[in-house]
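Student: build the 3D model from these lines:
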Amino acid sequence: MTDTRITLNTSKFDAMLRQTGHSEAERVPIPDIFELDFRMLEQAPEWQKAIIDKYESLRQILMDAVSKEFASTIIDADEEELFRYMAEILQEELGESFDEDVPMFSLAIDNDQFNCYTSSVLFADVLTSLGKDVRVLLVPCHVIIAGKTCAFETTAVPSGATFPLQEVGLRYPTWQEVSVKGLLGVAHEWCGYFLATGDTFNEALVEFDEAIAINGDASSYVNKGVALCEMGLPDAAIECYDTALTLDPRFAEAWSNKGSALCKKGLLEAGNECFDKALDIDPGLVQARSNKIAALIALNRLEEAVDCSVRVLGAHSA
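Tutor: Reported below is the predicted structural model:
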């Protein structure tokens, strides 16, 4: 079933709201069409935006070069030599030299997307695929890779990019090891998010499917559902939200988005129940609250809609 457009007449609601001492200007914004929430990754910095267009080609170039240079010795290869060799190959391929003042690969690629995150993932992806034991470390505002004896900053000038592994704790007060595969999934999800927010939905679905294949977590299903719903496919979107809720029953955005998809099909009562479940989990989820008010208005349950709005306004003024 395709999207059912519902036009809300809020004039009676606004009149009743004024009787409570509140004006239309104060009330929660009410969508003309039920809106959706993308699941943004918690504390995800700007460098997690995307898998860059050149990733696969650069990966193959590095795979071929490293395999040829180190052949069967890669597992026991000197890590400092290996890391620097890869940096030199990549630098040569990008056609840019390192700048001491701005020592970042990102300057060599459009949109400043090839940075500590994408380059660390690329290096670690290549090396682990070739059997070399390396790790990706998240440190404050930065990402590095580490082998058995030394660490490497992909965005540093090659001459100073490597340092002894035991210095990681001295240079960075905290660090966390993450999987290369997991980071690739996160990057695909961010790429899907930015494509979808730019209304490039078919391409976004490809990226969300990549993220699902790698990580299979609830947020990827929710974001895929948003894209499907925006494409006028609420049934397919609901399937995604249901899968997300199977993985995480307390996923407030999934409940809220399922409610929006149901409302888009004209199933207002069922949608309202989903908004209630979302708000039980996260009372501060604004989109769920505004969509609930819209559903109540559409159902002509105006007193409930006013009560819901007034409670929000009271909470904001407290």
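Student: now residue 119: how far from residue 142?
Tutor: 12 Å (C-beta to C-beta, to the nearest Å). No exception for glycine: its C-beta is placed from N, CA and C like everyone else's.
Student: ok, which stretches of the stretch 201-318 of the chain are helices?
Tutor: 201-214, 218-230, 234-247, 252-264, 268-281, 286-298, 302-317 (DSSP state H, counting those that start in this stretch).
Student: just those helices: most buried one?
Tutor: helix 252-264 (a mean of 28; mean count of other C-beta atoms under 10 Å).
Student: quick one on the thing from earlier: residue 119 and residue 142: who's more crowded?
Tutor: residue 119 (26 against 17; other C-beta atoms under 10 Å).
Student: so for stretch 286-297, what's the average pLDDT?
Tutor: The predicted model assigns stretch 286-297 a mean pLDDT of 87.
Student: and that stretch, how far out from the chain middle?
Tutor: Relative to its parent chain, stretch 286-297 has a centroid offset of 25 Å by C-alpha atoms, centre = their mean, to the nearest Å.
Student: picking up where we left off before, mind giving me a markdown table with the helices of the stretch 201-318 of the chain and columns for distance to residue 130?
Tutor: Output for those, formatted as a markdown table (distance: least, C-beta to C-beta, whole Å):
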| stretch | distance to residue 130 |
| --- | --- |
| helix 201-214 | 19 |
| helix 218-230 | 28 |
| helix 234-247 | 33 |
| helix 252-264 | 39 |
| helix 268-281 | 44 |
| helix 286-298 | 45 |
| helix 302-317 | 56 |
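Student: any idea which of the ones you listed gets closest to residue 170?
Tutor: Of all these, it is helix 201-214 that lies closest to residue 170, at 33.2 Å by C-beta to C-beta.
Student: dump that closest one to CSV, restricted to CA.
Tutor: Only the C-alpha atoms of helix 201-214 are listed here, as CSV (Å, rounded to 0.1, in the frame of the first residue of the first chain):
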residue,chain,number,x,y,z
PHE,A,201,17.1,7.1,-1.7
ASN,A,202,18.0,4.2,-4.0
GLU,A,203,21.7,4.8,-3.4
ALA,A,204,21.0,5.2,0.3
LEU,A,205,19.3,1.8,0.4
VAL,A,206,22.4,0.2,-1.1
GLU,A,207,24.5,1.6,1.7
PHE,A,208,22.1,0.6,4.4
ASP,A,209,22.0,-2.9,3.1
GLU,A,210,25.8,-3.0,3.2
ALA,A,211,25.7,-1.8,6.8
ILE,A,212,23.1,-4.5,7.7
ALA,A,213,25.2,-7.2,6.0
ILE,A,214,28.3,-6.2,8.0
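Student: name the helices or strands packed onto that helix?
Tutor: helix 180-197, helix 218-230 (3 or more C-beta pairs under 8 Å, 6 or more residues apart in numbering; DSSP states H and E).
Student: pop the domain breakdown of this structure in here.
Tutor: 11-39+251-317, 55-178 (automatic domain parsing).
Student: between these, which one is closest to residue 190.
Tutor: Per C-beta to C-beta, nearest to residue 190 of the domains of the chain: domain 55-178, 9.7 Å.
Student: so how far is that closest one off the chain centroid?
Tutor: On C-alpha atoms, centre = their mean, the centre of domain 55-178 falls 23 Å from that of its chain.
Student: any regions of this protein where pLDDT drops low?
Tutor: Across the chain, the ranges flagged by pLDDT under 70 are 1-10, 13, 20-55, 94-115, 156-160, 187, 311-318.
Student: how does it look with 50?
Tutor: Within the chain, the segments meeting pLDDT under 50 span 1-5, 40-52, 97-113, 315-318.
Student: need the residue closest to the centroid of this protein.
Tutor: Per C-alpha atoms, centre = their mean, the C-alpha nearest to the average position across the chain is that of residue 190, at 4.0 Å.
Student: roughly how far does that one sit from residue 208?
Tutor: 10 Å.
Student: which parts of stretch 61-80 are buried?
Tutor: By neighbour count with 16 or more other C-beta atoms under 10 Å, stretch 61-80 contains the buried residues 61, 62, 65, 66, 70, 77, 79, 80.
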